[in-house]
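A.B. asks: pasting the sequence and the predicted coordinates here, then a few questions.
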Amino acid sequence: MNPTLLILLVCVISFSIIEASAQVVASDTFTLTVKSNPNILFIGGGGDYKTGTTANIDAAPKTFEDYTFVGWQIDGRWADGNPITVRMDNSHSAIAIYSKDKVGNIVIDEIPKVSEITVDGTIYLPAELPLSFSWVDGSTHIISTPSIIKESPETRYVFDSWKDKNKESDRTITVDSNSKEFIVLYKTQHYLKPITDYGTVVGGGWQDAGKTATFELESDVVLDKKDDNVRYIFDSWDKGDYVNSPSNSVDLTEPVTVKAKWIPQYKLDIKTSVPEYNTFGTGWYGQGKQVALIAEDELQSSDSDTKYVFDKWVSKGPNPVLIPNAQTASTTITIDQPYVIEATYKESYRLNVWSQYGSPTGGGFYSSGEIATITLPQKEEIVEPNKIKKVFAGWNTFDARIMNQDVAKDVDGSSAQNLLVIVDKPLNITTTWKTQYYLDVQSQEGKVKGDGWYDLGRMVPISIDQRSTPPGMWSSSVFEKWTGDLESTDLNERVVMNQPKTVIAEWKTDNTPGIINGIILAGVGGIAAIVYTKTQKNRGALSKSLHMENLPFEKFLSLRKKPQENTPSFYSKPKKNILDWLLGRE
């Protein structure tokens with residue numbers, strides 16, 4: 001049997017076995033394909049390998065019949081060494097490249113045969129290759145080949161190097177004993193075309209055949225160029241190793257076109273009429289998405305002076321939207337385009353009413369513009385009985401708008417206890433009180449004037465209705481001075497009320513009436529004694545004349561009630577004054 005046919009038969013049987021075994025290989029293994037080009041012999045090392053292992057490929061014979069080994073290509077790229085090893089992190093193809101020998105000492109060829117080669121100005125077509133020349137040592141020759149040969153719009157061949165590692169596509173050689181072959185090595189490239197309607201892809205273009213090419217999107221979120229409220233979110237690639245990732249890769253065994261899929265999203269901007277309060281829900285949503293609108297039924301400002309009560313949802317953007325149950329704080333809408341929706345609130349303001357004394361009413365929350373009635377039940381507050389009290393002096397409104405400015409005073413002249421306030425912002429209303437002190441004016445005699453309650457700083461006149469009391473039998477009382485919180489001897493005085501004060505009228509006893517009355521009584525007593533003596537003398541004379549010596553004096557006096565014509569001379573009125581009579585001058 002022809003040895004060549006035997007080798008081909010062995011190769012066919014081997015490949016059949018490999019293909020059959022590949023059907024039962026576990027998912028965690030990769031396949032290594034080993035062959036020669038042209039397919040003239042079998043080289044061992046191919047098969048299925050576990051991920052991450054290293055495959056050892058048998059050495060390719062340097063010559064086989066009239067073929068000479070050129071080198072190995074792994075996945076279309078030239079590899080150094082013979083034999084070689086391959087790490088199995090993917091499925092790979094290893095090809096031993098052979099060229100057919102020609103007569104002559106110099107061989108010129110290219111792998112693969114895809115372009116003409118110019119030798120010393122003569123163009124040789126791919127079908128004429130390989131070339132064989134018998135050149136004399138020391139002779140100089142020019143060999144050139146195109147850098148790029150385009151097979152189709154998406155596949156091309158790119159000059160890689162010469163077999164001797166020279167990187168010049170146009171080269172000048174000098175023949176020597178080591179000059180045997182000049183082989184052009186081309187690498188195949190396929191065009192990777194990632195397509196995206198939005199954004200930019202990095203990594204497309206011409207890629208070496210057999211290579212795993214990577215590409216990625218600069219961003220997986222892209223704003224619409226005409227409307228910032230519309231954007232596109234990356235969804236997936238239509239092919240590749242990582243179709244759901246912005247970074248993807250493909251094995252380029254042929255030209256590849258891959259396209260990114262995008263999902264449009266619309267911005268939902270939810271606002272509120274409450275400062276610095278943003279409710280839940282603002283964001284980006286896909287078309288047809290059901291979105292919940294949720295707002296607080298009631299809110300208070302950070303200082304608790306303003307209260308907001310939910311009113312309704314209102315569509316405010318350029319794209320109107322129908323909002324079901326717009327008067328409820330929780331509802332849903334369907335996203336079909338960008339929307340701007342506002343949760344509107346009614347404002348209520350706190351009216352703070354404070355008083356140091358008393359218990360005013362009317363404070364609390366009021367709707368904007370509402371009129372509040374503030375009332376103070378009592379006007380006075382006793383701090384210390386009969387000493388200090390506070391009297392309502394008016395309202396401090398802090399520039400609040402009030403309704404009853406024209407009735408700020410009651411009929412008695414004091415500040416009005418009821419106040420009507422327009423609540424158009426948070427307000428503070430306080431009361432003002434004036435201090436009054438009690439002036440206690442005391443006196444054991446007479447009537448005093450001036451006691452009572454007086455404002456701080458008031459000059460209060462005090463007085464007593466008389467300086468002395470009516471004299472009695474033996475004495476009388478005379479005002480002496482004021483004591484206590486006032487020292488003065490004036491009957492009429494003034495007291496400065498800067499604190500509670502007590503003023504006492506002091507009296508002294510005057511004994512002059514007793515002395516006078518004593519003198520009078522003493523005089524009366526002396527006169528009575530003289531009268532008595534005189535009477536006794538006259539009585540003796542009468543007794544003798546009437547022979548009534550034993551008649552009691554009382555009888556004598558009773559007899560005197562009816563005087564007779566012969567009345568004794570002692571009863572008759574003295575002709576001179578009584579003093580002469582008493583002294584016996586008559």
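C.D. replies: Everything's here; your move.
A.B. asks: which regions of the stretch 351-500 of the chain sit below the pLDDT cut-off?
C.D. replies: 405-415, 472-475 (pLDDT under 70).
A.B. asks: all strands of it, in order?
C.D. replies: Taking DSSP state E, counting those that start in this stretch as the criterion, the stretch 351-500 of the chain carries its strands at 364-367, 370-375, 380-384, 388-396, 401-402, 418-423, 427-443, 448-449, 452-455, 459-464, 476-484, 493-496.
A.B. asks: list the buried residues in the last one.
C.D. replies: Under the neighbour-count criterion of 16 or more other C-beta atoms under 10 Å, strand 493-496 has 493, 495 buried. C-beta here means a position set from N, CA and C on the backbone, and glycine is covered the same way.
A.B. asks: past the strand or helix carrying residue 214, which element shows up next along the chain?
C.D. replies: Secondary structure assignment for residue 214, by DSSP states H and E: strand 212-217. Scanning forward in sequence from strand 212-217 by DSSP H and E, the next helix or strand is strand 221-223.
A.B. asks: any idea how far that following strand is from the middle of the chain?
C.D. replies: 30 Å (C-alpha atoms, centre = their mean, to the nearest Å).
A.B. asks: cool, and stretch 477-497?
C.D. replies: For stretch 477-497, the distance to the chain centre is 68 Å (C-alpha atoms, centre = their mean).
A.B. asks: which SSE is the residue nearest to the spatial centre of the chain in?
C.D. replies: Closest to where the C-alpha atoms of the chain average out (C-alpha atoms, centre = their mean) is residue 276, at 7.2 Å. Using DSSP H and E, residue 276 falls within no helix or strand.
A.B. asks: hmm, back to that, the strand holding residue 214: partners in the sheet, and parallel or antiparallel?
C.D. replies: Paired neighbours of strand 212-217 in the sheet (DSSP bridges): strand 201-202 (antiparallel), strand 247-251 (antiparallel).
A.B. asks: buried sites along stretch 48-59?
C.D. replies: Buried residues in stretch 48-59, defined by neighbour count with 16+ other C-beta under 10 Å: 48, 49, 55, 57, 59.
A.B. asks: inside strands: which ones of the residues you listed?
C.D. replies: 48, 49, 55, 57 (DSSP state E).
A.B. asks: show me how the record splits this structure into domains.
C.D. replies: The chain breaks down into these domains under automatic domain parsing: 1-101, 349-431, 436-513, 522-582.
A.B. asks: how about the strand holding residue 214, which residues are buried there?
C.D. replies: So strand 212-217, judged by 16+ other C-beta under 10 Å, has buried residues 213, 214, 215, 216, 217.
A.B. asks: please apply the same query to stretch 247-262.
C.D. replies: Buried-residue list, stretch 247-262, by 16+ other C-beta under 10 Å: 248, 249, 250, 251, 252, 255, 256, 258, 260, 262.
A.B. asks: just checking: what are the partner strands of the helix or strand where the last one lies?
C.D. replies: This means residue 262. Per DSSP H and E: residue 262 is located in strand 256-272. According to DSSP bridges, strand 256-272 forms sheet pairs with strand 181-195 (parallel), strand 230-237 (antiparallel), strand 283-286 (antiparallel), strand 339-354 (parallel).
A.B. asks: make a markdown table out of these and add mean neighbour count and distance to residue 100.
C.D. replies: As requested, those are exported to a markdown table (neighbours: other C-beta atoms under 10 Å; distance: least, C-beta to C-beta, whole Å):
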| stretch | mean neighbour count | distance to residue 100 |
| --- | --- | --- |
| strand 181-195 | 21 | 12 |
| strand 230-237 | 18 | 44 |
| strand 283-286 | 14 | 63 |
| strand 339-354 | 19 | 74 |
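A.B. asks: of the ones you listed, which approaches residue 307 most closely?
C.D. replies: strand 339-354 (4.3 Å; C-beta to C-beta).
A.B. asks: so who does the nearest residue to residue 453 once chain neighbours are set aside touch?
C.D. replies: Leaving aside its chain neighbours, residue 453 sits nearest to residue 436 (4.5 Å; criterion: C-beta to C-beta, 6 or more residues apart in numbering). Taking C-beta atoms under 8 Å, 6 or more residues apart in numbering, we find residue 436 in contact with 388, 389, 390, 391, 453, 454, 455, 456.
A.B. asks: low-scoring stretches of this protein, by residue?
C.D. replies: Checking the chain against pLDDT under 70 turns up 1-27, 101-104, 405-415, 472-475, 513-514, 517-518, 525-586.
A.B. asks: again, only this time at 50
C.D. replies: Within the chain, the set of residues satisfying pLDDT under 50 comprises 1-26, 103, 406-414, 542, 545-551, 553-574.
A.B. asks: quick one: the helices in this protein?
C.D. replies: 3-22, 512-546, 553-559, 578-582 (DSSP state H).
A.B. asks: what about residue 41, distance to residue 249?
C.D. replies: The gap separating residue 41 from residue 249 is 34 Å, by C-beta to C-beta, to the nearest Å.
A.B. asks: likewise residue 50?
C.D. replies: Where residue 249 is concerned, residue 50 sits at a distance of 21 Å (C-beta to C-beta).
A.B. asks: cool, and residue 137?
C.D. replies: 51 Å.
A.B. asks: in this structure residue 208 contacts residue 78, no?
C.D. replies: No - if you go by C-beta atoms under 8 Å, residue 208 and residue 78 don't touch, sitting 10.5 Å apart.
A.B. asks: about what we covered before: among the buried residues of strand 212-217, which one sits closest to residue 93?
C.D. replies: Lowest distance from residue 93 to the buried residues of strand 212-217 (C-beta to C-beta) belongs to residue 213, with 16.2 Å.
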